Structure formats: C-alpha cells, structure tokens
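Novice: let me see the structure of the following:
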Amino acid sequence: MFSQTDTAQNIPANDPYWLSFWELPESAEDVFTLFSAADIRRTRDAHLENLETLILAVTSRLFALRHHTSFPDPELVPERDALNCIRILTRVLPFIYEKDELEEWQNKFFWAARRRRRTEILFDETNAQDETVPAPPTAGGEFEAAPPLMEELIDTLIDLLFYSGFTLPLSFSSKAKVTFAIWQSGVGCNTPVGTTKEFESNKIETLRLLLAITSKAVFMPASSSSLMHI
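Specialist: Numbering: from 1, shown residues only. Predicted structure coming up:
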C-alpha cells in the first residue's frame, strides 16, 4: 500500500489514496508491515513531497478526531483512525531522524509557523488545508495563524492521554472530554480513575509516539552524535 509513494510524484493531499492509511490497518503490526523500512527510505529519498503529504494528512486527521464532539464514536469517528495515525507517525519519524541531510527540512517542516484555512476540516478528506509556510503577524481573511505542526501534535497527544472514552472512562467526566487526572492513586490522589485493557493499550501507543518524538538522538547515526567528538 505504501509503496506507491516512492514511485508516484506529488500525490495530491485530497487524493482518496491517503484515506486507506488510517481506515484499513487493524493493529500496530499491520502498520509496521505495510510500512516497510525500504519503502519509507525510498519515499524519503526520492519523493519527499509524498512523505510530507502523508504526515500532513495523518496529523490533520488526528487533530480533527481529537476535536470532534463524537470522538471516539465507533461509527462516526472511530478510535481506530486515531490509533492508526499515531502508529504511522511512530513508524515514520525514526527514518526522518536518521538522515542528517534532513535537519534543516525537519526544523522548517515541524517547527516553522504555519497558516491554515479558516474553513472547517472535512472528515471524508485529508488535509488540503494545512500549509507549512510562514504566517503573517496577523493572518486575516481566508487564513489564520496556526502553531508549528510538532507543537500542535504534542499538545494533541497530551490531550489524548487524558481523553474520555479513549484513555479515561466515559463516566469520569460529563463536562469535559479532556481531564488531566492522575491515573493511579498516590500522592494527592486517593481514588484511582479506573481503566481497562483497551485504555491502557491506547495510553501505551500514544506514549510510544511521544517517546519517538522526544528521542531523536536515539535514531541518529552514531557518527553524527556530539558524544563522538568528545
């Protein structure tokens, strides 16, 4: 499924092709099988624009799911979609980090100011609305200022770690979808929140992506590590 990105040039962001990435896999194993290391590296080296679109598509879908009032409704906005987006990013990021030549691109793509269309994100299309371009001091009209992509991704993942119906019980809070509660009883908390095997699995997958994001040095070649020059 992913191999098309290393042969086709500039697949449009609104191409239905991207929907399959979060709709078809049923497990983390499926994602890691479909995204072979060789395919990811070929796409990265030959068609980086497709890798950009993939990341923008899955992050846009993840952001939209987090803000949807019905998430994680199994029919309207299933948690499977969110988990697959998380799994794809967990799989892809190490192959971006391992290439020294992408350092400048990484900084611009993940951490530059952005602007996006003010129109609502559609749930049957991927992200044709996000633009990783410098935002003006006051973005007016059709566009609005947006935080850097990685900042918004980290904020979204933190919210999902404390999200009712995804990592916390549905009955825990009737007012807010996101409640920053202590998962287990201990200092400052006498009552455990309660959990299930599914909630624990969702927490682990979310934490795994946060770990991948913050562990860039682990995926860098040893020759580029500052420790090699001490």
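
Novice: pLDDT wise, what is the spatially most central residue of the chain at?
Specialist: Centroid-nearest residue in the chain: residue 59, 4.3 Å away (criterion: CA atoms, centre = their mean). What the model reports for residue 59 is a pLDDT of 95.

Novice: ok, it touching residue 150?
Specialist: No - the pair formed by residue 59 and residue 150 falls short of the contact definition of CB atoms under 8 Å, at 9.2 Å. (Each C-beta comes from the backbone N, C-alpha and C, glycine too.)

Novice: any weak-confidence spans in the chain?
Specialist: Where the chain drops to pLDDT under 70, the residues are 1-9, 118-141, 171-174, 187-188, 224-230.

Novice: for this protein, what spans make up the strands?
Specialist: Listed in chain order, the strands found in the chain under DSSP state E are 114-117, 130-131, 143-146.

Novice: gap between residue 25 and residue 35?
Specialist: For residue 25, the distance to residue 35 (CB to CB, to the nearest Å) stands at 9 Å.

Novice: do the same with residue 84
Specialist: With distances defined as CB to CB, the gap from residue 84 to residue 35 amounts to 11 Å.

Novice: the two: which has the busier surroundings?
Specialist: When neighbours are counted by other CB atoms under 10 Å, residue 84 comes out ahead of the other of residue 84 and residue 35, with 26 against 23.

Novice: show me what contacts residue 181?
Specialist: Contact analysis of residue 181 by CB atoms under 8 Å, 6 or more residues apart in numbering lists 162, 168, 172, 189, 193.

Novice: so who does the second one touch?
Specialist: If you count contacts by CB under 8 Å, 6+ apart, residue 168 has them with 162, 179, 181, 193, 195, 199.

Novice: follow-up on the earlier one: export the contacts of residue 181 to JSON lines and tack on distance to residue 49?
Specialist: JSON lines is the format used below for these (distance: CB to CB, whole Å):
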{"residue": "162", "distance to residue 49": "35"}
{"residue": "168", "distance to residue 49": "38"}
{"residue": "172", "distance to residue 49": "42"}
{"residue": "189", "distance to residue 49": "47"}
{"residue": "193", "distance to residue 49": "43"}
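
Novice: and the residues you listed, which are buried?
Specialist: Those of the contacts of residue 181 that meet the buried threshold are 162, 168, 193, by 16 or more other CB atoms under 10 Å.

Novice: hey, what's the second one bridged with?
Specialist: For residue 168, the beta-bridge partners under DSSP bridges are residue 164.

Novice: any idea how far it is from residue 100?
Specialist: As for residue 168, its distance to residue 100 is 40 Å (criterion: CB to CB).

Novice: also the first one?
Specialist: The span separating residue 162 from residue 100 equals 36 Å under the rule CB to CB.

Novice: all helices for this protein, in order.
Specialist: Along the chain, the stretches classed as helices by DSSP state H are 20-23, 28-34, 37-46, 48-67, 79-97, 103-111, 149-160, 197-214, 216-219.

Novice: out of those, which comes closest to residue 10?
Specialist: helix 48-67 (5.1 Å; CB to CB).

Novice: just the buried residues of the closest one, please?
Specialist: Of all the residues in helix 48-67, those buried under the rule 16+ other CB under 10 Å are 50-51, 53-66.

Novice: got the angle between it and helix 79-97?
Specialist: Taking axes from the mean of the first three to the mean of the last three CA atoms, to 10 degrees, one finds that helix 48-67 is oriented at 140 degrees with respect to helix 79-97.

Novice: residue 223: neighbouring residues, count only.
Specialist: Using other CB under 10 Å, residue 223 has 8 neighbouring residues.

Novice: ok, it - contacts?
Specialist: Contact analysis of residue 223 by CB under 8 Å, 6+ apart lists nothing.
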